[in-house]
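Enquirer: following is a predicted model, sequence given first.
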Amino acid sequence: MTSSTPPPPDLPDTPGGRGPLRRLRARGRDEEHRTASPLELFFDLCFVVAVAQAGIQLVHSVAEGHAGEGIADYAMVFFALWWAWMNFTWFASAYDNDDVLYRVVTLVQIAGVLVLAAGVSRAFEEHDYLVVWLGYAIMRLALVSQWLRVARSSEGPERTTALRYAGGVLLCQVGWLGLLFLPEGARPWWFLAMALLEMCVPPFAERGYSTAWHPRHIAERYGLFTIIVLGETIAAATVAVKSGIDENDALGELLPIAAGGLLIIFAAWWLYFVVPIHGHLRSNRQAFLWGYGHYLVFASAAAIGAGLEVAVEQTVGKAHISTLAASAAVTLPTALYLLTLWALHSRHFKVGITQQLVLPTTALLVICCTFLGDWAVFTAGLVCALSVVVGETLATRPSKIHTAEGHAA
C-alpha cells in the first residue's frame, strides 16, 4: 500500500487504436481527459439492480420488526456487491484497454451481478447463499481472467502483482464456500474473517509495485456510483410515497416524510461533491483507505432510501414497528453517511475547528431528531439542508477576508 514504485508511463498499447484483441498493458496515471467509459456506466447501472434488491429486503426485515437480523444480512450482501464493484473499478482505472475480450469479460461480470441479485431474497429470507455465491463467483472468476491477461502482458514486479491478485481472489472465492456449509450461527463470524481476508489482498498484491490507477478517474467513478445509489434511493422512496397515497389517501401524513427525505438526499449529494477529492488521492495508502471507507458511504446512502420506505409503511400502518424505530431507520443511516463523508472527504479540505465541526454536529443533531415523532424525518431534512448553508457560508468567509485585505493594501 505504501510502495514507492513510480507508476508506469503511458504505453502505446493503451486505448488509442482499435483492434479486437490487444495486450492488456497499464495506462498512464497522468493520462489527460480520462473519463468513465460507457461500459463502466452500464456496469454501474446493472449493479444498482442488486443494490435495489438488497434495499427491498432490508425494508421488509425492518418493517417486520427484525431490524438486527436484516441489517446483518444487508451488510453481508452489500459487501459482496461493493467489493466486486470496487475491484472492477480500480482494475479498469489501471488496465482498461477497451478491446473485444475486455468488453466480453466485463459483460460476464455484469451477468454475475444479476445472478447475485436474483439470490438476494433467498439470502435474506432463508439464509440460503448458494445463488449469491454463484453470482459472486462469476464476477470474481472473470476478474481473475483479467489479472491473468495482465500477467501475460507484463513482466517483473508488475507481473508478480497481477499473479498475486489472481491467486488472492481465487483463494478468497474458495473461502466463501463456508457460507454454504457452515452452521448458521457460525456464518456471520466466517463472513467477518473472509471480508478481512478480501481486503488484505490489494495491499499484499501491490507490495513492491503500485498499479497505475488514475486519481481523477477513480474520484469520478466513485462519484458516479454515489449519484446512482442516491438516485435509486429517491426512486424507492417516491414509489413508497405514491403507493401510500394511492392505497391509503395519506397525503397529509406522508408529505413531511417526502419533503424531509428529499432534503436529506439533496444535502447528501451536495456534501459529497463540494470538495475536489481527487487531489487527496496521491498514494495507495490514501486511496485504499478512502476506497475502503466508501463501503459505509454507499451502504448508508442506499439504507437511507430503505429507511424512508420503512417510515412510509409505518405511517400508513403497514409496518409493525414504533414511530421511534421507523424514524431511526432514516436518521441513523443519514448520520452514518455524514460522519463517514466527513472522515473521508471534508476534513481534508476544512480550515479551522468551526468548519471541521459542521458535519459531526449535523450528524449528532440528526440523531436527536429521531425522538421528534412524526416530524423526525422532516426535521432531519431541515438540519441537513442547514448544514449545507452553514458549510457554504463558512467556506466563503476566508476568501472574503483575503479580498478585503487585498483592497486595504
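Expert: Now that the structure is in, tell me what you want to look at.
Enquirer: for the chain, which element, helix or strand, carries the lowest mean pLDDT?
Expert: helix 376-408 (a mean of 75; mean pLDDT, DSSP states H and E).
Enquirer: tell me which element Ala166 is part of?
Expert: Element membership of Ala166, judged by DSSP states H and E, is helix 156-175.
Enquirer: which elements pack onto that helix?
Expert: Applying 3 or more Cβ pairs under 8 Å, 6 or more residues apart in numbering; DSSP states H and E, we find helix 156-175 packed against helix 130-153, helix 187-205. Where you see a C-beta, it was placed from the backbone N, CA and C, and this is true even at glycine.
Enquirer: only the buried residues of that helix, if you could.
Expert: Across helix 156-175, burial judged by 16 or more other Cβ atoms under 10 Å covers 158, 160-166, 168-169, 172-173.
Enquirer: do the same with stretch 271-288
Expert: 271-272, 274-275, 277-278, 280-281, 284, 287-288.
Enquirer: sticking with the most centrally placed residue in the chain, tell me its helix or strand.
Expert: Residue closest to the average C-alpha location in the chain (Cα atoms, centre = their mean): Phe298, at 3.0 Å. According to DSSP H and E, Phe298 maps onto helix 284-315.
Enquirer: who's in contact with stretch 258-270?
Expert: 226-227, 230, 233-234, 237, 241, 301, 304, 308, 311, 330, 334, 337, 376-382, 384-385, 387-388 (Cβ atoms under 8 Å, 6 or more residues apart in numbering).
Enquirer: and the buried ones among those residues, selectable in PyMOL?
Expert: A single PyMOL command selects the buried members of the contacts of stretch 258-270 (16+ other Cβ under 10 Å):
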select buried, resi 226+230+233+234+237+241+301+304+308+311+330+334+337+376+377+378+379+380+381+382+384+385+387+388
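Enquirer: follow-up on the earlier one: just give me the closest of the buried residues of stretch 271-288 to Gly119.
Expert: Each of those was checked against Gly119 using Cβ to Cβ; the closest is Phe288, at 29.0 Å.
Enquirer: hang on, isn't the closest one packed against Pro202?
Expert: Yes. The pair Phe288 and Pro202 qualifies as a contact (Cβ atoms under 8 Å) at a distance of 6.3 Å.
Enquirer: so, low pLDDT: which residues of this structure?
Expert: Residues of the chain meeting the criterion pLDDT under 70: 1-19, 278-280, 398-409.
Enquirer: output stretch 354-371 as PDB, nothing but the C-alphas.
Expert: The C-alpha trace of stretch 354-371 is given here as PDB (Å, rounded to 0.1, in the frame of the first residue of the first chain):
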ATOM      1  CA  THR A 354     -15.600  25.600  13.200                       C
ATOM      2  CA  GLN A 355     -15.600  24.200   9.700                       C
ATOM      3  CA  GLN A 356     -14.400  20.800  10.900                       C
ATOM      4  CA  LEU A 357     -17.300  20.600  13.400                       C
ATOM      5  CA  VAL A 358     -20.100  21.200  10.800                       C
ATOM      6  CA  LEU A 359     -20.700  17.600   9.700                       C
ATOM      7  CA  PRO A 360     -20.100  15.900  13.000                       C
ATOM      8  CA  THR A 361     -22.500  18.300  14.700                       C
ATOM      9  CA  THR A 362     -25.000  17.800  11.900                       C
ATOM     10  CA  ALA A 363     -24.800  14.000  12.400                       C
ATOM     11  CA  LEU A 364     -25.500  14.400  16.200                       C
ATOM     12  CA  LEU A 365     -28.500  16.700  15.500                       C
ATOM     13  CA  VAL A 366     -29.900  14.300  13.000                       C
ATOM     14  CA  ILE A 367     -29.700  11.500  15.600                       C
ATOM     15  CA  CYS A 368     -31.500  13.800  18.100                       C
ATOM     16  CA  CYS A 369     -34.300  14.300  15.500                       C
ATOM     17  CA  THR A 370     -35.100  10.600  15.900                       C
ATOM     18  CA  PHE A 371     -37.100  11.400  19.000                       C
END
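Enquirer: just put the helices and strands packed on helix 156-175 in TSV and tack on distance to Thr393 and mean neighbour count.
Expert: As requested, the helices and strands packed on helix 156-175 are arranged in TSV below (distance: least, Cβ to Cβ, whole Å; neighbours: other Cβ atoms under 10 Å):
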stretch	distance to Thr393	mean neighbour count
helix 130-153	45	20
helix 187-205	38	16
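Enquirer: mind putting these in CSV, distance to Ser37 included?
Expert: CSV is the format used below for the helices and strands packed on helix 156-175 (distance: least, Cβ to Cβ, whole Å):
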stretch, distance to Ser37
helix 130-153, 15
helix 187-205, 22
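Enquirer: of those, give the one that comes closest to Asp30.
Expert: Per Cβ to Cβ, nearest to Asp30 of those: helix 130-153, 19.8 Å.
Enquirer: output the contacting helices and strands for the closest one.
Expert: Helices and strands touching helix 130-153, by 3+ Cβ pairs under 8 Å, 6+ apart, are helix 67-95, helix 100-118, helix 120-125, helix 156-175, helix 178-181.
Enquirer: tell me the secondary structure for the residue lying closest to His320 once chain neighbours are set aside?
Expert: Sequence neighbours aside, Gly65 is the residue nearest to His320 in space, at 5.4 Å (criterion: Cβ to Cβ, 6 or more residues apart in numbering). Classification of Gly65 using DSSP: H, G, I helix; E, B strand; the rest coil returns coil.
Enquirer: residues near Gly65, how many?
Expert: Other residues near Gly65 number 14, with proximity taken as other Cβ atoms under 10 Å.
Enquirer: pretty sure it contacts Ala326?
Expert: No. Gly65 is not in contact with Ala326 according to Cβ under 8 Å; the separation is 11.1 Å.
Enquirer: tell me the spacing between the spatially closest residue to Met194 that is not a sequence neighbour and Ala240.
Expert: Computed as Cβ to Cβ, 6+ apart, the closest residue to Met194 that is not its neighbour in sequence is Gly175, at 5.1 Å. With distances taken as Cβ to Cβ, to the nearest Å, Gly175 is found 38 Å from Ala240.
Enquirer: do Leu357 as well
Expert: Distance from Leu357 to Ala240, by Cβ to Cβ: 34 Å.
Enquirer: ok, now Glu247?
Expert: In this view, Glu247 and Ala240 are 11 Å apart by Cβ to Cβ.
Enquirer: who has more neighbours out of these two?
Expert: Ala240 (26 against 10).
Enquirer: helix or strand for that one, which one?
Expert: Here Ala240 sits within helix 215-248, counting by DSSP H and E.
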